[in-house]
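**Q** Build me a model:
(chains A, B, C and D, ligands or ions: 2)
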Protein chains: 2
Amino acid sequence: MSKVVTISEAASIAMHGMIIIARANKVTNVLEIAEATLTSKHHVAKVLQRLVKEGFLTSQRGPTGGFILKKEAKKINLLSIYEAIEGKIEISNCFLDKQICPFSMCFMNNITLDLTVKFKEYMETQTLDKYI
Amino acid sequence: MSKVVTISEAASIAMHGMIIIARANKVTNVLEIAEATLTSKHHVAKVLQRLVKEGFLTSQRGPTGGFILKKEAKKINLLSIYEAIEGKIEISNCFLDKQICPFSMCFMNNITLDLTVKFKEYMETQTLDKYI
DNA sequence: ATAATTTTGGTAATTGAATACACAAATGTA
DNA sequence: TACATTTGTGTATTCAATTACCAAAATTAT
Ligand code: FES
Ligand code: FES
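**A** Ligands and ions are numbered 1, 2, ... in the order given. Purely as a prediction, here's the structure:
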């Protein structure tokens, strides 16, 4: 079994976590998110830390500490969260990194590009307020 | 920079290699394909062996040996080659392996499924004879 | 002040893909 | 027959990405 569209656990935690925090509407800590997503709290911590640095979350240490949205839910979409973790999505007509294809015409036509654009467009429409 | 649709070097070698062999219309060896695709001959050898086992190629040892199509180019499509290397493509509505999502409604809607189906459909239409 | 809690940041371990290697088996050529 | 060539098979190494862990810093509550 293989997958064409693969999303890393890190990106999954980021998106699920942001929705959980948006819904909670209060300071939420690593453990709560790790339990809800059934993932390692270590991994959750690392991902949330990244989201703090990228300006999506405000963190609060100590007891009662945790994370809370820095911007309005309406102004945060899934694409920006995804790209904060994975890096900007590359729009290219073929799948090879370097142009080392021996063929003059790519057998993937523009299917890779089409799918990537569709993915981006969808993700961009999905703002967090839709999930509250 | 990240990619949504990723294809391993192994799958790339398989598809490019099959097209090269189909075009050559004669016994083609590992080295020729490695040079054409600018990849390691070891990796090419490993991939082609797999394609022999899966019934796509016939191999011939010794001097003047190499690989040649076992079936008509018209009857081989890119999907079957891809799946021979990567395993059958999984059609699922979400990207998570296990159903451990904490939400009742997946925020990916059916975008993952849609894209995967589109990919499969395209790959299935691409028979090798189109590239000769 | 002290203790408990939680984030932070650096490091370690794991995984999987890609690559490299060695030797056996087969086959054509001289 | 002897030799060179090429695939077949198994294993080993390398490499990068992902995931896991741990100790320090910060903060709240008692
Ligand atoms: S990369 Fe070779 S055909 Fe697109
Ligand atoms: S996996 Fe959680 S929303 Fe789809």
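
**Q** Now the nearest residue to A:Gly87 once chain neighbours are set aside: phi and psi?
**A** Once flanking residues are discounted, A:Gly87 sits nearest to B:Ser2: 4.4 Å by C-beta to C-beta, 6 or more residues apart in numbering or on different chains. (C-beta placed from N, C-alpha, C; glycine too.) B:Ser2 adopts backbone torsions of phi -130, psi 170, taken as degrees, to the nearest 10.

**Q** who's in contact with B:Ser2?
**A** Contact analysis of B:Ser2 by C-beta atoms under 8 Å, 6 or more residues apart in numbering or on different chains lists A:Glu83, A:Glu86, A:Gly87, A:Lys88, A:Ile89, A:Glu90.

**Q** Now, these that are in strands?
**A** Within these, no residue falls in strands by DSSP state E.

**Q** and those residues, which are buried?
**A** Among the contacts of B:Ser2, those classed as buried by 16 or more other C-beta atoms under 10 Å in any protein chain shown are A:Glu83, A:Glu86, A:Ile89.

**Q** closest to DNA strand D among the contacts of B:Ser2?
**A** Checking these against DNA strand D with C-beta to the nearest atom of the strand, the nearest one is A:Glu86 at 7.0 Å.

**Q** Smallest gap between chain A and DNA strand D, at which residue?
**A** A:Gly62 (2.6 Å).

**Q** separation between that residue and A:Val27?
**A** Separation of A:Gly62 from A:Val27 (C-beta to C-beta, to the nearest Å) stands at 11 Å.

**Q** okay, those two: which has more neighbours?
**A** A side-by-side neighbour count of A:Gly62 and A:Val27, using other C-beta atoms under 10 Å in any protein chain shown, places A:Val27 first with 15 against 6.

**Q** could you measure the more buried one against A:Pro63, distance?
**A** Separation of A:Val27 from A:Pro63 (C-beta to C-beta): 11 Å.

**Q** now swap in A:Arg50 and tell me
**A** According to C-beta to C-beta, A:Arg50 and A:Pro63 sit 24 Å apart.

**Q** How about the helix or strand of chain A with the lowest mean pLDDT and ligand 2, touching?
**A** Within chain A, no helix or strand scores below helix A:30-37, which has a mean of 90 by mean pLDDT, DSSP states H and E. No - counting by C-beta under 6 Å from any ligand atom, ligand 2 has no neighbours in helix A:30-37; the shortest distance is 8.2 Å.

**Q** right, and the helix or strand after that helix?
**A** Proceeding N to C from helix A:30-37, the next assigned helix or strand is helix A:41-53, under DSSP states H and E.

**Q** now that next one, how far from the centre of its chain.
**A** Its chain's C-alpha centre and that of helix A:41-53 lie 12 Å apart, by C-alpha atoms, centre = their mean, to the nearest Å.

**Q** Next: stretch A:4-15.
**A** Using C-alpha atoms, centre = their mean, the offset of stretch A:4-15 from its chain centre is 6 Å.

**Q** For that stretch, buried residues please.
**A** Per 16+ other C-beta under 10 Å, stretch A:4-15 contains these buried residues: A:Val4, A:Val5, A:Ile7, A:Ala10, A:Ala11, A:Ser12, A:Ile13, A:Ala14, A:Met15.

**Q** contacting residues for A:Ser40?
**A** Counting by C-beta under 8 Å, 6+ apart, A:Ser40 touches A:Ala34.

**Q** Let me see the backbone angles for it.
**A** phi -70, psi 140.
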